[in-house]
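Asker: Got a predicted model here, sequence first, then my questions.
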Amino acid sequence: MAITSIEAAVLDRVLARRQALLEDLRRHVALPTGAENRDAIEESADLLTQRARALGAALATVPGQPRPPWINAWRAGDPDAALRAPSHGWVPPVWVARRAGRAQPDAGAPAPPPAVLIAGHLDTVHEPAGDFSRLCVAPDGRTATGPGCVDMKGGLVIAIHALEALQDAGAEARWTLMLNADEETGSYHSDSALRAEALRTHAGGAPVYHAALALEPAAAGGAIVTARGGSGAFMIEARGRAAHVGRDFASGVSAVGALAGEIQRVHALSDPARGLCVNVSPLWCRAAPNVVADTARAWGNARYPTPEAGRSLLDRLGATQTTPDALPALSLTASFQRPAKPATAHTEALLRLVAGVASDLGQPLPTAQTAGVCDGNNLQDARATSDRPLAVLDTLGVRGGGLHTPQEWIELPSLVERCQLLALTIARLQTATL
C-alpha cells in the first residue's frame, strides 16, 4: 500500500533522529547490565521508562518471582548450600509502561481497539567488569561492536525512538512497553509477568493485545524468525555410598559412575536432524580422588522443535529415575521454561503486515526459523490455547551478529531502517485485524 502522509511524517521524524539513535545506543551499551548488575539495570530501565512516561504512558513495576535455586546452583562455590537456599541475590522486577491512547471504540463496540505489546530485555550475557565495555564504531561508520549492542540494546533504543516519532508526527498509538532483566537467564523472574500481560483483558473480556513485538535482533540477512524451538533446563543428581578407595572400595557405591552412565544415556536422546538437542554441562562432585563419591550432579540444556516433542523429551529424560532408597539413586529436576513457538495463522497474518511495511520501505524481509529461544516463546504460549491467540513476532530489532561473544556487532544503518519498520508496523497495527 502507499505510504500515507502521516506515515511519511513518521519516517521523516525517525530519519531526523539518526545521530540521537547512535548516541542513545552508545549510552546504553556503556551501562553494564550483565550478571544481574542492579545499578546498571535500574539506570537503563529508568532512562527508557521516563521517556515512555513523557509520551503519556502509565508506569507500573511488577515484582519478579524467585528463580528455582537449582537452576544456577552450579555457579556457587557450595552447590549443596545453594540448593538449600530458597533464593539468593536481587530479584529484578518487570517494568511496564502502558499507553492507552486517545482513540475511543466505535459505537456499540464491546472494547477499545486492541493495543500492541512491545517487549524487550535489559540484560546481556556480558560480565560487567570485562574489557568489552563500550561501543566502538568502525572507521567506515557502518558497523560498531559493543556488549549488547545488538542483543538487545539496539532494539530497546529503536523502540523508544519509534514511539517518540509516532507521537511527534501526530500518529495515535495504543501500546505497552514491557522491560525485563533476566531474559538471558531464562526469564524465571519475569515469566509470570510476561504471561499475565499477554493475557490482559478489558472489562468485557476482550484481549487488550492482538499483537506482540519483541525486539530481539534480526536473524541473518535481516530475516524475521517465524518459528522457534523450545528450551528446557535440567539437573541430574546421583547418590551413592562413600568409601575409602584403598581400604574399603568394595562397600562404596559411586555416584560419579552412575552419573556418567546417565549422561551417556541422555546425550543419546539428541537427534539434531529432528531438532532435538540434549547437552550436559557443567558437572559437580565434592569428593576427593581417593574417596568413592556419594553425591554427583550434572546440569544440562535441552532444545526441541514442538510442544509435543518437548513433552516426549521430558518423559525420556526422566525415564531412569530410581526410588530414593536405591543405590545408586538417580533423580531429575527439570524446568522446560521456554515452550516451543510454532508458526501460527495469527503470526502469519502479522508477518504479512510487517512484510507489507518492509516492501513499502524498500527493505528486504526474508524469513527464518531458529532453535534459539526468547520471551516471544513465553508470550505466544500464554494464549496458545485461547480462542484468540496472540500474534507474536520477536525479531523486530536491529541487524548485526556475534551475539553472546566479545565480537558482538551492529549494522549501524539498521538503527534508522529498523526503527522506521517498527514505527510503521505499530502505526498500521492500530487499525489492523489479525
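Answerer: Now that the structure is in, tell me what you want to look at. Numbers count the residues shown, from 1 in each chain.

Asker: Could you use CA atoms for every contact and neighbour count after this?
Answerer: Will do.

Asker: Next one: residue 250 from residue 244, what distance?
Answerer: Taking CA to CA, to the nearest Å as the measure, residue 250 and residue 244 are separated by 9 Å.

Asker: Quick check: next helix or strand after the helix-or-strand element of the chain with minimal mean pLDDT?
Answerer: Least confident helix or strand of the chain, by mean pLDDT, DSSP states H and E, is helix 79-84 with a mean of 87. Next along the chain after helix 79-84, taking DSSP states H and E as the criterion, comes strand 94-99.

Asker: picking up where we left off before, residue 250 and residue 244: who's more crowded?
Answerer: Shown here are residue 250 and residue 244; by other CA atoms under 10 Å, residue 244 has more neighbours (15 against 11).

Asker: Specify the beta-bridge partners of that one.
Answerer: Assessed by DSSP bridges, residue 244 has beta-bridge partners residue 291.

Asker: hang on, the earlier thing: now the least confident helix or strand of the chain: how far from the chain's centre is it?
Answerer: With CA atoms, centre = their mean, to the nearest Å as the basis, helix 79-84 stands 27 Å off its chain's centre.

Asker: if I pick the residue nearest to residue 201 when sequence neighbours are not counted, what's in contact with it?
Answerer: Among residues not flanking residue 201 along the chain, residue 207 sits closest, at 4.2 Å (CA to CA, 6 or more residues apart in numbering). Residues near residue 207 by CA atoms under 8 Å, 6 or more residues apart in numbering: 114, 199-201, 388.

Asker: Least confident of the residues you listed?
Answerer: The lowest pLDDT within the contacts of residue 207 belongs to residue 114, with 89.

Asker: what's the burial count for it?
Answerer: Residue 114, neighbours per other CA under 10 Å, totals 23.

Asker: and if you look at residue 29?
Answerer: By the measure other CA under 10 Å, the count of residues near residue 29 is 25.

Asker: need the contact list for it.
Answerer: So residue 29 contacts 133-135, 146-149, 153 (CA under 8 Å, 6+ apart).

Asker: before we move on, what about residue 365?
Answerer: Contacts of residue 365 (CA under 8 Å, 6+ apart): 222-224, 355, 358-359.

Asker: Out of those residues, who's the most crowded?
Answerer: The most crowded member of the contacts of residue 365, judged by other CA under 10 Å, is residue 224 (24 neighbours).

Asker: Now the host helix or strand of that one - C-alpha only, PDB.
Answerer: Secondary structure assignment for residue 224, by DSSP H and E: strand 224-228. Provided in PDB are the C-alpha atoms of strand 224-228 (Å, rounded to 0.1, in the frame of the first residue of the first chain):
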ATOM      1  CA  ILE A 224      12.200 -12.300  10.700                       C
ATOM      2  CA  VAL A 225      12.000 -15.500  12.700                       C
ATOM      3  CA  THR A 226       8.600 -17.200  12.200                       C
ATOM      4  CA  ALA A 227       9.100 -20.200  14.400                       C
ATOM      5  CA  ARG A 228      11.300 -21.100  17.300                       C
END
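
Asker: Check the offset of it from the chain's centre.
Answerer: Offset of strand 224-228 from its chain centre (CA atoms, centre = their mean): 13 Å.

Asker: Hmm, residue 377 is touching residue 228, no?
Answerer: Yes: the criterion here is CA atoms under 8 Å, and residue 377 meets it with residue 228 at 7.4 Å.

Asker: from the contacts of residue 365, which single one is nearest residue 341?
Answerer: For those, the residue nearest residue 341 by CA to CA is residue 224; the value is 13.7 Å.

Asker: Name the nearest residue to the closest one, ignoring sequence neighbours.
Answerer: Once flanking residues are discounted, residue 224 sits nearest to residue 367: 4.7 Å by CA to CA, 6+ apart.

Asker: could you measure the one you found against residue 223, distance?
Answerer: Residue 367 sits 5 Å away from residue 223, taking CA to CA as the criterion.

Asker: quick one: residue 356 is in a helix?
Answerer: Yes: the assignment for residue 356 (DSSP: H, G, I helix; E, B strand; the rest coil) places it in a helix.

Asker: How many neighbouring residues does it have?
Answerer: Residue 356 has 17 neighbouring residues, counting by other CA under 10 Å.

Asker: wouldn't it be in contact with residue 349 here?
Answerer: No: at 10.8 Å, residue 356 and residue 349 do not qualify as touching, with contact defined as CA under 8 Å.

Asker: ok, which stretches of the stretch 201-350 of the chain are strands?
Answerer: 209-214, 224-228, 230-239, 243-244, 277-285, 291-292, 295-304, 329-338 (DSSP state E, counting those that start in this stretch).

Asker: I'd like these written out as TSV, with distance to residue 344 added.
Answerer: TSV is the format used below for those (distance: least, CA to CA, whole Å):
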stretch	distance to residue 344
strand 209-214	12
strand 224-228	9
strand 230-239	15
strand 243-244	56
strand 277-285	23
strand 291-292	52
strand 295-304	17
strand 329-338	17
